[in-house]
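# Next comes the sequence, and after it the predicted model I'd like to discuss.
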Amino acid sequence: MQLSLKGFADYLHSHRAALAGFILAASLLSILLIGYHFGSFDQSVHIPFLKSDADPGLYSGDPFIALKTEQPSFFWQMFKPVADSRYFETILFFVHLLTVILFFSSVWQLTMTIFQSPLAAFFAVIGFIMPHTGFVGFPVIEFSLLSRTFVLPFLLFALNCYLKEKYDSAFLLTGLMYNLNLLMVNFMLGATLVGIVVNWLKGKRGQWWAPLFFLAGAAPVLIKKWNAGIGFDLSIRSEWFSQISNGSLYQIFYLITDKPFILLTLGGIAAIGLFLVTVKHFQGSQMIRKLLPLMWSWIALTLSQIVITHFLPITFFIQLQVSRAGIFILIVTYICFAGYLASQWDKDKSASPNLQFLAGCHWMSLTPIIPFLVFLIKDRLPQFLIARKIMLATLILLLGINITIMSWLGFWQPGIHIRPKSTDWLDLLEWVRTNTEKGAVFITPPYMVGMYEPDWRVFSERSMVASLYDLFEIALTPDYFAEWKTRFDLLAPGARVQFNGNFFENRTIVREAYLSLSLSGFERIHCEYEADYLVVEKPNQLVLETVYENGSFSLLSLSDAFSCAAQSG
């Protein structure tokens, strides 16, 4: 087994076509396992922004769309020419596929740079096919195209350039990616700047000017931010922070908690532990020495979220969401662990069962906790546990438990869905897009949101009063919080004060509040925001004209239902 794997890895390294086929196969398999979904999650913010740019007549009564002017990224603007195309969703999927291919390519190149071992690179690629999470819970490869997923492989290419001492290329590429996603690039920029300072202190002062290439690459977005007057908000907005953390992003801000999210933090800590015990085997490696200052920077950045959350909740620091730097900890850890596995595979000519078991845990576990624990006890595993049949059954059981739990929680929906699955909700949205005027305003269930739930704005292309998912964007644009709060409290009275950090429980709380609204409650919202239509679940007791209905939802007309002028008088 050892010889065949090593021989296969060497063959891939020496045959570009075979390597390309291997990376393509890994990419497709990864997308199938992780899933691909359009029009939900973070796309519920960015695609409406894009569509409103392509057709200014859309969302005319929705102030949330005005937040697009505060978006410094140019990423979604690249798709403006095809936003109205019937092939828009298909184009996004193929860009996502290209992004995943580039990610696996960057992993192969980075692993080769660090370890000069095709077997290590092979193990690294295999190791990322399954979804893996550490701090904050976001997987390395996500289930939709986003600016952060697109820039990730390019940042890894930049890291590869840095390790090869091609500093000009590293900072220029990092700067170019700054035009597409500021948050992710900040983490790479900060780490490589620390590396430059460390090199300076060690007497390597020939690359002090390299960061100027970052400024050259990032010039377009820096100019845009300057012209827009986007600065640093050093105020403390306690209510805003409480709402975005308890309402939608708790796991990003609270790394120390008594909630189940603590498992994510333990996974991140396990990744750090796995990295430390792994690199002990490569203490003489020049590449590992170059990598260490960057890794310590990412660790420090991630853990600084604890200080920010509890002691320095300054708005600018909260907006940075520094705990997301943990994604680089996870990636570098898994690459280094692949290097360790390859080195042991070379030493252990028989590829012992406990080494195979360790590799299997690395590949199949969703969290670094499992491979870290197995690594610590691998030499003391009972003989019966590492028997080949028992080992294989244990790995299959581990995979089955992962899939079962994550699917039950609603976090994992494998398969490629260029268009969402047909549901009553999607049917309603598509009917609205086809049969109502562009400028219409809708009162919609603010709880019909989620990781895979088709978003109202994306598929109906119509304005809405407010949504629970708006909080994800409000986390970056706090000035809109006051407006959202007023709107949301009318839609779901009393719900906000009950938010507890669990997004799925919050959604249930919001649903109960919305369903409790009486006709007079909807009348008030209609008069306040000039809403034309109301969407409610069936059955309902509202005596209003039904414009459209299906098995689950009713679309009701508000145009002639109330006399707002008389009410205000």
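Yes, it's here.
# Chain neighbours aside, what residue packs nearest to the residue most central in space within the chain?
Computing the C-alpha centroid of the chain and ranking residues by C-alpha atoms, centre = their mean puts F138 first, at 5.2 Å. Spatial nearest neighbour of F138, chain neighbours left out: I327 (6.6 Å); criterion: C-beta to C-beta, 6 or more residues apart in numbering. For glycine as for every other residue, the C-beta is placed from the backbone atoms N, C-alpha and C.
# same check, this time on I318
Nearest residue to I318, sequence neighbours excluded (C-beta to C-beta, 6+ apart): F241, at 5.7 Å.
# can you pull out the strands in the stretch 301-450 of the chain?
416-417, 441-443 (DSSP state E, counting those that start in this stretch).
# Go through these and pick out the most buried.
Comparing the strands of the stretch 301-450 of the chain by mean neighbour count (mean count of other C-beta atoms under 10 Å), strand 441-443 ranks first with a mean of 23.
# I'd like the distance from the following helix or strand past that strand to the chain centre, please.
Beyond strand 441-443 in the direction of the C-terminus, DSSP states H and E gives the next helix or strand as helix 456-460. Computed by C-alpha atoms, centre = their mean, to the nearest Å, the chain-centroid distance of helix 456-460 equals 20 Å.
# Check what contacts helix 456-460 and list those residues.
39-40, 43-44, 47-48, 51, 59, 62, 65, 420, 426, 428-430, 432-433, 442, 444, 448, 462-464, 467 (C-beta atoms under 8 Å, 6 or more residues apart in numbering).
# What's the PyMOL line that selects buried ones from those residues?
The buried residues among the contacts of helix 456-460 can be selected in PyMOL (16 or more other C-beta atoms under 10 Å) with this line:
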select buried, resi 39+40+43+44+47+48+51+59+62+65+420+426+428+429+432+442+444+448+462+463+464+467
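# So which of the contacts of helix 456-460 belong to helices?
Taking DSSP state H as the definition of helices, the contacts of helix 456-460 contribute Q43, S44, I47, P48, K51, L426, L428, L429, E430, V432, R433.
# got the buried residues for the host helix or strand of the residue nearest to I318?
Using DSSP H and E, F241 falls within helix 238-244. For helix 238-244, a neighbour-count test (16+ other C-beta under 10 Å) marks W240, F241, Q243, I244 as buried.
# Packing partners of the helix or strand just after that helix?
Remark: after helix 238-244, the chain's next helix or strand is helix 250-253, criterion DSSP H and E. Helix 250-253 is packed against helix 286-311, with contacts defined by 3 or more C-beta pairs under 8 Å, 6 or more residues apart in numbering; DSSP states H and E.
# where does the longest helix seen in the chain sit relative to the chain's centre, distance-wise?
What stands out as the longest helix in the chain, according to DSSP H, is helix 88-115. Its chain's C-alpha centre and that of helix 88-115 lie 16 Å apart, by C-alpha atoms, centre = their mean.
# list the helices and strands that helix packs on?
helix 16-34, helix 118-127, helix 147-163, helix 286-311, helix 326-347.
# what about L163, distance to W425?
In this view, L163 and W425 are 48 Å apart by C-beta to C-beta, to the nearest Å.
# Tell me which stretches of the stretch 451-569 of the chain form helices.
Remark: helices assigned in the stretch 451-569 of the chain by DSSP state H, counting those that start in this stretch are 456-460, 470-474, 481-491, 503-515, 519-529, 564-568.
# Which positions within the longest one qualify as buried?
To tie it back to what came earlier, the one meant is helix 503-515. In helix 503-515, counting by 16+ other C-beta under 10 Å, buried: F503, N506, R507, I509, V510, R511, A513, Y514.
# Would you reformat these as CSV and include pLDDT and distance to K225?
As requested, the buried residues of helix 503-515 are arranged in CSV below (pLDDT from 0 to 100; distance: C-beta to C-beta, whole Å):
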residue, pLDDT, distance to K225
F503, 91, 30
N506, 96, 32
R507, 95, 34
I509, 97, 37
V510, 97, 34
R511, 97, 38
A513, 97, 38
Y514, 97, 37
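# Then the residue nearest to the centre of the chain would be within a strand, right?
No. F138: not assigned to a strand; according to DSSP: H, G, I helix; E, B strand; the rest coil it is coil.
# That one and L146, how far apart?
F138 is 10 Å from L146, by C-beta to C-beta.
# hey, what's in contact with both of the two?
In contact with both F138 and L146: no residue, using C-beta under 8 Å, 6+ apart.
# Can you get me a residue count around the nearest residue to F472 once chain neighbours are set aside?
Among residues not flanking F472 along the chain, S248 sits closest, at 5.6 Å (C-beta to C-beta, 6+ apart). Per other C-beta atoms under 10 Å, the neighbour tally for S248 reads 22.
# for I299, same thing?
By the measure other C-beta under 10 Å, the count of residues near I299 is 22.
# about what we covered before: switch the strands of the stretch 301-450 of the chain over to CSV; also include mean pLDDT and distance to Q71.
Converted to CSV, the strands of the stretch 301-450 of the chain look like this (pLDDT from 0 to 100; distance: least, C-beta to C-beta, whole Å):
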stretch, mean pLDDT, distance to Q71
strand 416-417, 92, 26
strand 441-443, 97, 23
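# In a markdown table, list the ones you listed along with distance to V100.
Formatted as a markdown table, these follow (distance: least, C-beta to C-beta, whole Å):
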| stretch | distance to V100 |
| --- | --- |
| strand 416-417 | 12 |
| strand 441-443 | 35 |
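# who wins for proximity to E453 among these?
When the strands of the stretch 301-450 of the chain are ranked by proximity to E453, the top entry is strand 416-417, at 12.2 Å, counting by C-beta to C-beta.
# Check which helices and strands the closest one is in contact with.
Strand 416-417 packs on strand 36-37, going by 3+ C-beta pairs under 8 Å, 6+ apart.
# Counting by contacts, list what the strand it packs on packs against.
Strand 36-37 packs on strand 416-417, going by 3+ C-beta pairs under 8 Å, 6+ apart.
# What's the separation between L176 and F328?
For L176, the distance to F328 - C-beta to C-beta - is 18 Å.
# So these two - more neighbours on which side?
F328 (26 against 21).
# show me the contacts for the more buried one.
F187, M188, A191, L294, W298.
# what about this protein, any weak spots by pLDDT?
In the predicted model, the chain carries pLDDT under 70 at residues 1-3, 205-206, 229, 348-351, 381-394, 398, 402-403, 405-411, 565-569.
# again, 50 this time
1-2, 566-569 (pLDDT under 50).
# Doesn't L180 belong to a strand?
No. Using three-state DSSP, the assignment for L180 is coil, not a strand.
# OK, contacts around it?
Counting by C-beta under 8 Å, 6+ apart, L180 touches S73, F74, F75, S147, F150, V151.
# If you count neighbours, what's buried in the strand or helix carrying V197?
Assessed by DSSP H and E, V197 sits inside helix 182-201. Neighbour-count burial for helix 182-201 flags 182-196, 198-199 (criterion: 16+ other C-beta under 10 Å).
# And for stretch 249-266?
The neighbour-count check on stretch 249-266 (16+ other C-beta under 10 Å) flags L249, Y250, Q251, I252, F253, Y254, L255, F261, L264, T265, L266 as buried.
# Please apply the same query to stretch 9-16.
Buried residues in stretch 9-16, counted by 16+ other C-beta under 10 Å: A9, L12, H13.
# now swap in stretch 269-285 and tell me
I269, A270, A271, I272, G273, L274, F275, T278, V279, F282, S285.
# and what of stretch 357-374?
357-372, 374.
# So which of those are in helices?
Per DSSP H, the buried residues of stretch 357-374 map to helices at 357-364, 369-372, 374.
# any chance of those residues in CSV, plus distance to A482?
Formatted as CSV, these follow (distance: C-beta to C-beta, whole Å):
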residue, distance to A482
F357, 55
L358, 53
A359, 53
G360, 52
C361, 49
H362, 48
W363, 48
M364, 47
I369, 41
I370, 45
P371, 46
F372, 45
V374, 50
